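[1] predicted model and sequence follow; I will ask about them next.
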Amino acid sequence: MLFNYFMPTKIYFGKDVVLKNKDILKDFGNKAYIITGKRSSKINGSLDHIIEALEYNNIEHIIFDEVEENPSLETVEKASAIGKNEKVDFIIGIGGGSPLDAAKAIGIFINNPNINKDNINETKDLKSLPIIAIATTSGTGSEVTQYAIVTDHNNQTKKNLGQSVFPDVAFLDPSYTMNMGYDVTVSTAIDAFTHLAEGYLNNNASELTDTMAESGLRFFGRCLKDILENNIDYSTRENLMLASTLGGMVIAQTGTSLPHGMGYPLTYFKNVPHGKANALLYGEYLNVFKDKTRVNKVLSFLNLKDIEELSSIISKLMDTTLDITEKEIQVYAKIMCSNEAKLKNHPEKVGYDEIYNIYMNSLIK
């Protein structure tokens, strides 16, 4: 048995954790930079809570609320220029994966003035401003990972920024997710599931990540009936947030695998939400395993009997049709074959043919 584990984020979990732990903010600096999207943080109470906590500590703040879904490097540069000019001391990201990932990237850009969207990957181990993450969806796990996924329009893809930026603190309050729409709930929940599954079915899996993944899959499994029936109460939201956080803790160690890499072109070129892009491929991804021992364990943690039952559930939860051509799939399969990191994480050898077949069998009905 041999493995490494590193996850330095301090987690505060539960209702009203921002207000109950507001004293910790005084250690972060005199001026906060809040990074968020246009709407959700204003509706779910998270923005009001963090502003109240900052004012309690006499900490100034400015807000950047222009983060789009799948944030671009251009948005990161724009926000960073404002933060540099305002001389902010720390970053608070509020939202789902897009604002949290953007917050990490902005923290890097502000703390390293010579960095820009064209040279960010040329230097490793860049340090960020301190980051506080407030998750308002249950899927990304970004609040406990080192990854910052951004959209690179020059190369027409989504990619990891290439730096390691764990948030210093994560505030996880399930009540912030209570007003999420059904489609967003489904897409983010599926994202959490895919993190757990891909971390479990992974070359980098260890006894420790297995334990976390198994626990997270069980939490997710408890939620399936409620999600299918759209009967999602606070307890379900709590379980989904636990599953999401555990999923993030798992992939922080293992990385993700084929579906995430294959889903990026669907998100970039077809505007398919990230969680849905993964979900569309999942049945065929699981079928590609020659040794299904661990695949069957994943299904058992969800109390499902086979891959077909999982695929049926996904079909009930979302529209699985997509306007796509075989020619496009050929392009996407080639893109995926150049993603050596994702291929390396998959525990069995796969190449173009397997990738192409997963796409075709999943998307061409």
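    Yep, it's here.

[2] CA only for contacts and neighbour counts going forward, please
    OK.

[3] and the helices in the stretch 251-365 of the chain, which stretches?
    Taking DSSP state H, counting those that start in this stretch, the helices of the stretch 251-365 of the chain run over residues 258-270, 274-287, 293-301, 307-317, 326-337, 340-345, 352-363.

[4] residue 171 in helix, strand or coil?
    Judged by DSSP: H, G, I helix; E, B strand; the rest coil, the three-state class of residue 171 is strand.

[5] could you give the bridge partners of it?
    Residue 171 has these beta-bridge partners by DSSP bridges: residue 12, residue 134.

[6] which residues touch residue 176?
    By CA atoms under 8 Å, 6 or more residues apart in numbering, the contact set of residue 176 is 44, 45, 46, 135, 136, 137.

[7] which one of these is nearest to residue 189?
    residue 137 (8.6 Å; CA to CA).

[8] which residues does that closest one contact?
    If you count contacts by CA under 8 Å, 6+ apart, then residue 137 has 95, 96, 97, 176, 177, 180, 185, 188, 241 around it.

[9] for residue 361, same thing?
    residue 284.

[10] any idea how far residue 355 is from it?
    10 Å (CA to CA, to the nearest Å).

[11] so where do the strands sit in the protein?
    10-13, 31-36, 60-64, 90-95, 131-135, 149-152, 157-160, 169-172 (DSSP state E).

[12] next, name the residue at the spatial heart of this structure.
    Central residue of the chain (CA atoms, centre = their mean): residue 140, 2.5 Å from the mean position.

[13] hmm, back to that, go through the strands of the chain and find the least confident stretch.
    Per-stretch averages of pLDDT across the strands of the chain put strand 157-160 at the bottom, with a mean of 86.

[14] buried stuff in that strand?
    157, 158, 160 (16 or more other CA atoms under 10 Å).

[15] do stretch 215-233 as well
    Per 16+ other CA under 10 Å, stretch 215-233 contains these buried residues: 215, 216, 217, 218, 219, 220, 221, 222, 223, 224, 227, 232.

[16] with distance to residue 318 and pLDDT added, can I get the residues you listed in TSV?
    Output for these, formatted as TSV (distance: CA to CA, whole Å; pLDDT from 0 to 100):
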residue	distance to residue 318	pLDDT
215	25	99
216	22	99
217	20	99
218	22	98
219	21	98
220	17	98
221	17	98
222	19	97
223	16	97
224	13	97
227	11	97
232	16	97
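
[17] give me the contacts around the helix or strand of the chain with the lowest mean pLDDT.
    In the chain, the helix or strand scored least confidently by mean pLDDT, DSSP states H and E is strand 157-160, which has a mean of 86. The contact list for strand 157-160, computed with CA under 8 Å, 6+ apart, reads 70, 147, 148, 149, 150, 151, 152, 264, 265, 268.

[18] neighbouring strands - and their directions - for it?
    Assessed with DSSP bridges, strand 157-160 is paired to strand 149-152 (antiparallel).

[19] pull the most distant pair out of the contacts of residue 176.
    45 and 137 (13.0 Å).

[20] thought residue 212 was touching residue 245?
    No - the pair residue 212 / residue 245 is not scored as a contact, 9.8 Å apart, by CA atoms under 8 Å.

[21] the more surrounded of the two?
    residue 245 (29 against 21; other CA atoms under 10 Å).

[22] list the contacts of that one.
    Contacts of residue 245 (CA under 8 Å, 6+ apart): 138, 139, 141, 143, 144.

[23] reformat those as a markdown table; add neighbour count.
    Listed next are the contacts of residue 245 as a markdown table, based on neighbours: other CA atoms under 10 Å:
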| residue | neighbour count |
| --- | --- |
| 138 | 33 |
| 139 | 30 |
| 141 | 30 |
| 143 | 34 |
| 144 | 29 |
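
[24] and which of the residues you listed is nearest residue 89?
    residue 143 (19.2 Å).

[25] phi and psi next, for the most far-flung residue of the chain relative to its centre.
    For the chain, the largest distance from the centre (CA atoms, centre = their mean) belongs to residue 58, which lies 32.0 Å off. The phi and psi values for residue 58, taken as degrees, to the nearest 10, are phi 60, psi 40.

[26] for it, what are its contacts?
    Contacts of residue 58 (CA under 8 Å, 6+ apart): residue 30.

[27] what about 10 Å?
    Applying CA atoms under 10 Å, 6 or more residues apart in numbering to residue 58 gives the contacts 25, 26, 30, 31, 52.

[28] where's it relative to residue 42, distance?
    21 Å.

[29] how about residue 233?
    21 Å.

[30] run a quick neighbour tally on the residue nearest to residue 332 when sequence neighbours are not counted.
    Here the nearest residue to residue 332 in space, its sequence neighbours aside, is residue 265; by CA to CA, 6 or more residues apart in numbering that works out to 6.2 Å. Neighbour count of residue 265, defined by other CA under 10 Å: 23.

[31] same question, residue 81
    So residue 81, with other CA under 10 Å, has 16 neighbours.

[32] didn't it look like it was pressed against residue 111?
    No - with contacts counted by CA atoms under 10 Å, residue 81 stays clear of residue 111, the gap being 11.0 Å.

[33] how is the chain partitioned into domains?
    Following automatic domain parsing, one finds the domains of the chain at 10-176, 182-363.
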